[in-house]
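A.B. asks: Need the 3D shape of this:
(chains A and B)
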Amino acid sequence: MIEITIPKLGLTMENAKVVEWKFISGDAVKKGDTVLIIETEKVSFEVPSPADGIIHPIVSEGSICAVEEIVGYVAQDREEYERLVTKYPTVDSSMDRDEGALRPPETPPSLLAGNDAPGDRSKLRIKASPLARAMAASHNLNLAAIEGSGPGGRIVRADILRAIEQQHAAFQRELPAPPGPLDLYDRQSIEKEIMESVPFRGIRKAISDNMYQSLSQSAQLTLHTEAGAGALIDLRERLSTSERKVSFNAILVKIAAMALRQHPRLNATLQGDAILVWKQIHIGIAMEAKDALIVPVTRNPDLKSIREIDEEITELVAKTRENRLSPDDMSNGTFTISNLGFADIDHFTPIIRPPESAILGVGRITRKPVVQGDQVVPEPRIGLSLTFDHRIIDGAPAARFLKTIREMIEEPVLMVC
Amino acid sequence: MTHRIMSCSEALAEALLEEMERDDSVFIIGEDIRAHDGIFGQFRGLPKRFPARVIDTPISETCIVGAGLGAALTGMRPLVDMHFADFFTTAMDEIVNQTAKIRYMFGGQAKVPMVIWAPDGGGLRAGAHHSQSLESWFVHTPGLKVVVPSEPADVKGLMKSAIRDDDPVIFFQHKKLFAQTGHVPQEEYLIPIGKGEIKREGAHITLITYSRMTYLCLEAADLLAQEDIEAEVIDLRTLKPLDFDIISRSVKKTYNALVVHEACLTGGFGAEIAARIGEELFDYLDAPVARIGAKDVPVPFSPVMEDFVLPQVADIVESVRKILNRQ
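C.D. replies: Below you'll find the predicted structure:
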């Protein structure tokens, strides 16, 4: 038998939550199949089966397990599986999975594979045609819940088709009406009805906890300003080549890093009775992943060129998109940049990501009338918002930090001063 | 393509006429074939048309097959008439140990382009010595091709392919089908050895059969249609090489299979087909593959007993009902 363990996804990872088993005890799995979803505070991760065989989870969903802890086994054959079952009693598969929202209560719950007590499966020989078995497997149906109409009660194709139809009909009943023209709804209705119930757990819950902790346990204040973006645009053009266009974010990360070097107190954390000012600068960039805010971190941008930072960001974006960020990609940030310019936002009040103490919100670049001498001239402008923790950073130093950023944007040469 | 109605005998005679006209090396050798144009009229007109190329022999199958083999080895394309498939027994050494193996034992330097033509099957009240279906013996002998057509068009097209084939072909033709008529294309055509044909399409069960049982299966399919069972009928036409693709495609559609042959059940070719379906199409099966064959006794002379021993349409209908659980 081969062990399924909690993988160490990064240097800082210590434990993970067993969120969901994709198979139940007794199921055949293939090497590489996703058998388990685990979640750290920062990422969720699909654990692949280490081998072909029969799976036997020994840790129930919801448990917190240490890195390298054994959470299940893959048996190589039935015999080995039986021994495993005797040795490690089957864990409850809560099956309280989020498809539950879609799963109709009318469906006999046992119709779906995995609801039978897995231990019984070996004792109970269900008669089913090979075709029926193959179909049940591909439709995730539990044969034990299906009555066979074939010779000697054998489950045959017709029985599976019936079960699929039942299930389908039940789903149909449960699915919310497709959003149609408004006149399909009763305009007089005073009811409020649930259209969708989104699971609140995992990464969603983690974001909630962080944001709530941030706003409830620190004293946040946001300053707004604006910078002329002409030089920034010009710098970006100069750094870009025909093959590679450098992003504004790369330049802004560099600027923020150089500004932090001049204002180290913003690169700090309040811990107990000390303000810890960090030696390294690691700047997180807020990104939108599938249904969640993710903040991968660029490392030591003060020591890197803008092009290097740009490459680092490009890699982080790709990892985010492909859902392969590791906890190490997100740990130990000291400052964050959140850019909502893509959505035509000018200013906003970003929320600090604890234990950091400041975050820079970046708005859109847009042409605005600017008074120069006695003339009103059009100039590209960029919105800047700095939220900081007033417990450890006073208004004036924070304002000076933001001013430094504004100056560096307007005169990038100041970065090397 | 224009068609004519012809019997299997006429179709065979036409195939031989065309091939003998096309190729001087084709000749026919056997017993009593000049005087009566073949005992089933299968060589009608040929002795007159090709006096030197339809050769009567003494009553010795050993000698006939041996002569055919020698001729084939020296560049001729003989058609050996076995008279009845039952007489294969006296030529088995020539067929199994010589004909089938020579190409291999000579390292490919010799070939045996010979057709051994053998009327087989029962139902003619001809007794145990004239009613056998022996195809499994030859399917079980590597080096031989085995052809078992049913309808006239297939007889003609397959015979022409068999004559042109450079390897020995055992060509069975069911005695009860000589008078069976069917459409035969006007134009020249060949039917490749090793290709089955769906003779009737259906969605619920695949009847895999060949030779005379094709007609019984089609009759059974008509009856089953009245019960809303659509049976697909595959006429294999060739047993070796076997067209398993056509079986596979059909079973993947119907999920049920019944093999029907007239040869006795035990050790019959149905066992081979059932085993391959079990191995290769397991996940597509909604019921065990069933077989129908003759009962394991010598075919009786008594008509009542012969009908009892050989598969009948009712047996096929009953078996299908059982497979589909429609009792």
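
A.B. asks: which stretches of the stretch 201-327 of chain B form strands?
C.D. replies: B:205-209, B:231-235, B:238-240, B:257-264, B:290-294 (DSSP state E, counting those that start in this stretch).

A.B. asks: no, scratch that, I was asking about the stretch 1-150 of chain B
C.D. replies: Using DSSP E, counting those that start in this stretch, strands in the stretch 1-150 of chain B cover B:3-7, B:26-30, B:54-56, B:77-81, B:115-120, B:145-147.

A.B. asks: Save these as a markdown table, and put in distance to A:Ala136 and mean neighbour count too.
C.D. replies: Where C-beta positions appear, they are placed from N, C-alpha and C, glycine not excepted. Conversion of those to a markdown table gives the following (distance: least, C-beta to C-beta, whole Å; neighbours: other C-beta atoms under 10 Å in any protein chain shown):
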| stretch | distance to A:Ala136 | mean neighbour count |
| --- | --- | --- |
| strand B:3-7 | 48 | 16 |
| strand B:26-30 | 58 | 23 |
| strand B:54-56 | 63 | 19 |
| strand B:77-81 | 54 | 27 |
| strand B:115-120 | 45 | 26 |
| strand B:145-147 | 40 | 25 |
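
A.B. asks: Just name the most buried of the strands of the stretch 201-327 of chain B.
C.D. replies: strand B:205-209 (a mean of 29; mean count of other C-beta atoms under 10 Å in any protein chain shown).

A.B. asks: which other helices and strands contact the helix or strand hosting A:Ile309?
C.D. replies: Take DSSP states H and E as the rule and A:Ile309 turns out to sit in helix A:306-321. With contacts taken as 3 or more C-beta pairs under 8 Å, 6 or more residues apart in numbering or on different chains; DSSP states H and E, helix A:306-321 sits against helix A:230-239, helix A:248-262, strand A:287-289, strand A:297-299.

A.B. asks: Least reliable of these by average pLDDT, please.
C.D. replies: If you rank the helices and strands packed on helix A:306-321 by mean pLDDT, strand A:287-289 sits at the bottom with a mean of 86.

A.B. asks: Partner strands of the next helix or strand after that strand and their direction?
C.D. replies: Tracing the chain past strand A:287-289, the next element assigned as helix or strand by DSSP H and E is strand A:292-294. Using DSSP bridges, strand A:292-294 pairs in its sheet with strand A:287-289 (antiparallel).

A.B. asks: about what we covered before: nearest to A:Ile38 among the helices and strands packed on helix A:306-321 would be which one?
C.D. replies: strand A:287-289 (16.9 Å; C-beta to C-beta).

A.B. asks: picking up where we left off before, could you dump the strands of the stretch 1-150 of chain B to TSV with mean pLDDT and distance to A:Glu80?
C.D. replies: What follows is the strands of the stretch 1-150 of chain B, written out as TSV (pLDDT from 0 to 100; distance: least, C-beta to C-beta, whole Å):
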stretch	mean pLDDT	distance to A:Glu80
strand B:3-7	93	65
strand B:26-30	97	65
strand B:54-56	96	70
strand B:77-81	98	60
strand B:115-120	98	53
strand B:145-147	98	46
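
A.B. asks: So the nearest residue to B:Ile277 once chain neighbours are set aside versus B:Asn325, what's the distance?
C.D. replies: Of all residues not flanking B:Ile277 in the chain, B:Val289 sits nearest, at 5.0 Å (C-beta to C-beta, 6 or more residues apart in numbering or on different chains). Plainly put, B:Val289 is 15 Å away from B:Asn325 if you go by C-beta to C-beta, to the nearest Å.

A.B. asks: In terms of neighbours, single out the busier of these two.
C.D. replies: B:Val289 (22 against 16; other C-beta atoms under 10 Å in any protein chain shown).

A.B. asks: Counting neighbours, what do you get for B:Asn97?
C.D. replies: 12.

A.B. asks: Quick check: it vs B:Gln327, distance?
C.D. replies: 49 Å.

A.B. asks: so where's chain B uncertain?
C.D. replies: Along chain B, segments meeting pLDDT under 70 span B:1.

A.B. asks: and the residue nearest the centre of chain B, what is it in contact with?
C.D. replies: With distances taken as C-alpha atoms, centre = their mean, B:Val148 lies nearest the centre of chain B, 1.3 Å away. Counting by C-beta atoms under 8 Å, 6 or more residues apart in numbering or on different chains, B:Val148 makes contact with B:135, B:172, B:210-211, B:236-239.

A.B. asks: Let me have these in a markdown table, extended by distance to A:Gly150.
C.D. replies: Shown next, in a markdown table, are the contacts of B:Val148 (distance: C-beta to C-beta, whole Å):
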| residue | distance to A:Gly150 |
| --- | --- |
| B:Glu135 | 33 |
| B:Phe172 | 37 |
| B:Tyr210 | 29 |
| B:Ser211 | 32 |
| B:Leu236 | 28 |
| B:Arg237 | 33 |
| B:Thr238 | 34 |
| B:Leu239 | 31 |
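
A.B. asks: Find the least confident helix or strand in chain A, judged by mean pLDDT.
C.D. replies: The helix or strand of chain A with the lowest confidence, counting by mean pLDDT, DSSP states H and E, is helix A:118-121 at a mean of 46.

A.B. asks: Tell me which stretches of the stretch 1-150 of chain B form helices.
C.D. replies: Applying DSSP state H, counting those that start in this stretch to the stretch 1-150 of chain B gives helices spanning B:8-22, B:46-49, B:61-73, B:92, B:102-105, B:135-139.

A.B. asks: How about the contacts made by the closest residue to A:Arg391 other than its chain neighbours?
C.D. replies: In space, and not counting its chain neighbours, A:Arg391 is closest to A:Ala219: 4.9 Å by C-beta to C-beta, 6+ apart. Counting by C-beta under 8 Å, 6+ apart, A:Ala219 makes contact with A:389-391.

A.B. asks: which one of the strands of the stretch 1-150 of chain B lies closest to chain A?
C.D. replies: The closest of the strands of the stretch 1-150 of chain B to chain A is strand B:145-147. By C-beta to the nearest C-beta, the value is 29.9 Å.

A.B. asks: And the next helix or strand past the closest one?
C.D. replies: Trace forward from strand B:145-147 with DSSP H and E and the next one is helix B:152-164.

A.B. asks: relative orientation of that following helix and strand B:115-120 in degrees?
C.D. replies: 150 degrees (axes from the mean of the first three to the mean of the last three C-alpha atoms, to 10 degrees).

A.B. asks: which of the residues in the helix or strand that helix B:152-164 is followed by are buried?
C.D. replies: Using DSSP H and E, the helix or strand that follows helix B:152-164 towards the C-terminus is strand B:169-174. Using 16 or more other C-beta atoms under 10 Å in any protein chain shown as the burial criterion, the residues of strand B:169-174 that qualify are B:169-174.

A.B. asks: before we move on, what about stretch B:298-317?
C.D. replies: So, applying 16+ other C-beta under 10 Å, buried residues of stretch B:298-317: B:299-300, B:306, B:309-311, B:313, B:316-317.
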